[in-house]
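Asker: sequence first, predicted coordinates after that:
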Amino acid sequence: MKKRVLSAVVAGMMSVMLMACGSTPEVSEAPEAATEASEEPAEVAGAAKEEASYPEDVQAVIDRGVLRVGVKNAVIGFGYEDPLTGEYSGLEIELAKALADKLGVDIEFTAVTAATRTELLDSGDIDCVLATFTITDERKESWDFTTPYYTDYVSVLVEDSTGIKGLGDLVDATVGVSSGSTSAKSLVKAMIEAGVISGDGFDEESFDPATWTDGVKFQQYDDYPTISTALSAGEVDAFCVDKSILAIYKTEGRSYIDAEFAPQEYGIATTKGSGMSAVAEEIVSGGLSDGTIAKLITENGLD
Ligand code: GLU
């Protein structure tokens with residue numbers, strides 16, 4: 001009898017709490033309060049929890065109150081940090097904010113590079129990556145990716161003084177690329193397809209920019225500003241990466257070569273098999289079907 005009364009009281013308290021909280025994930029606070037007053041905590045808490053249940057990793061983000069996102073800080077239109085205000089802007093920043101809003105938490109941006117983004121995700125320092133991260137079959141073996149939210153292309157930036165104008169002029173050149181990027185492999189494939197190098201010995205699976213010397217060589221760097229400096233210094237003849245990333249380095253006296261190749265589909269990356277993967281997918285699929293992403297692409301000057 002006493003138990004039944006207590007249960008009724010607890011149920012009453014919970015419905016008031018649920019009403020106060022609406023249907024937001026915060027309802028997960030109710031079971032804790034109920035547990036203190038109830039003699040049947042497991043059953044009551046379990047029943048209420050189902051309404052707002054998230055997988056453990058997502059719930060941990062909600063409990064922490066902050067979504068930690070790896071973003072680029074020098075890719076205008078995607079992830080750009082204003083050097084004066086420290087404010088981030090761009091398509092990827094807006095998508096990250098939509099993700100945080102969905103979970104009802106604050107957001108913390110960590111600037112990442114092609115070389116650091118997966119390490120930080122694997123170590124748990126960040127919860128997801130929105131950083132011009134190209135979806136590839138090889139990468140899909142290690143991380144989950146959402147449906148693509150944008151497609152870019154790879155290109156090559158050169159100093160006008162070198163006279164390099166097309167893929168053919170890159171034969172025997174040294175090209176600066178970022179470690180951990182798709183750029184070197186994309187360029188070699190494009191040069192093979194254009195018939196300017198033979199491609200003997202090219203193997204998609206085992207390709208390594210560090211050892212490739214057949215018709216073009218690569219110098220790998222940890223970040224893009226360093227490649228830009230190397231280009232000015234003549235340490236490399238060309239700078240190869242996605243056009244979105246090259247844009248900020250296309251200063252006076254520099255040009256793109258006459259080639260765009262290797263479509264780069266960007267997706268949100270999350271830990272393989274994690275609950276965050278489904279939440280990220282909802283944001284992208286939802287944003288693609290309701291036109292939000294198309295609008296953000298226009299607003300950020302990316303179409
Ligand atoms: N998008 C390319 C990649 O994921 C270029 C590297 C980068 O995003 O910095 O490999």
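Answerer: It's in.
Asker: C-alpha only now, for contacts and for neighbours.
Answerer: Noted.
Asker: contacts only, for Asn300.
Answerer: For Asn300, the contact set (Cα atoms under 8 Å, 6 or more residues apart in numbering) comprises Gly77, Phe78, Gly90, Leu91.
Asker: nope, Ser198 is what I meant
Answerer: Neighbour list for Ser198: Ile192 [criterion: Cα under 8 Å, 6+ apart].
Asker: for Gly215, see how far away it is.
Answerer: Distance, Ser198 to Gly215, by Cα to Cα, to the nearest Å: 8 Å.
Asker: so who does Ala98 touch?
Answerer: Residues near Ala98 by Cα under 8 Å, 6+ apart: Ile283.
Asker: what sits closest to the residue in the chain that the ligand sits nearest to if chain neighbours are left out?
Answerer: Nearest residue of the chain to the ligand, counting by Cα to the nearest ligand atom: Ser181, 3.3 Å away. Once flanking residues are discounted, Ser181 sits nearest to Ala114: 5.9 Å by Cα to Cα, 6 or more residues apart in numbering.
Asker: just checking, the one you found touches Val177?
Answerer: No: look at Ala114 against Val177 with Cα atoms under 8 Å: they stay out of range, at 10.3 Å.
Asker: settle it for me: which of the two has more neighbours?
Answerer: Comparing Ala114 with Val177 by other Cα atoms under 10 Å, the one with more neighbours is Val177, at 25 against 19.
Asker: quick one on the thing from earlier: out of the contacts of Asn300, which is most surrounded?
Answerer: Phe78 (28 neighbours).
Asker: nearest residue to that one other than its sequence neighbours?
Answerer: Gly90 (4.2 Å).
Asker: can you tell me how far the one you found is from Val66?
Answerer: Look at Gly90 and Val66: by Cα to Cα, they are 20 Å apart.
Asker: ok, now Ala96?
Answerer: In terms of Cα to Cα, Ala96 sits 12 Å off from Val66.
Asker: who touches both of these two?
Answerer: By Cα under 8 Å, 6+ apart, the residues touching both Ala96 and Val66 are Ile107.
Asker: of those two, who's got more company?
Answerer: Ala96 (26 against 17).
Asker: list the contacts of that one.
Answerer: Applying Cα under 8 Å, 6+ apart, the residues near Ala96 are Val69, Ile107, Leu130.
Asker: put the buried members of those residues into a PyMOL selection.
Answerer: Selecting the buried subset of the contacts of Ala96 in PyMOL, with 16 or more other Cα atoms under 10 Å as the burial test, is done by:
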select buried, resi 69+107+130
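Asker: where along the stretch 101-250 of the chain do the helices fall?
Answerer: Taking DSSP state H, counting those that start in this stretch as the test, the helices found in the stretch 101-250 of the chain are 117-122, 137-140, 183-193, 224-232, 243-246.
Asker: can I get the ones you listed in a markdown table with distance to the ligand?
Answerer: Listed next are these as a markdown table, based on distance: least, Cα to the nearest ligand atom, whole Å:
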| stretch | distance to the ligand |
| --- | --- |
| helix 117-122 | 9 |
| helix 137-140 | 9 |
| helix 183-193 | 6 |
| helix 224-232 | 8 |
| helix 243-246 | 7 |
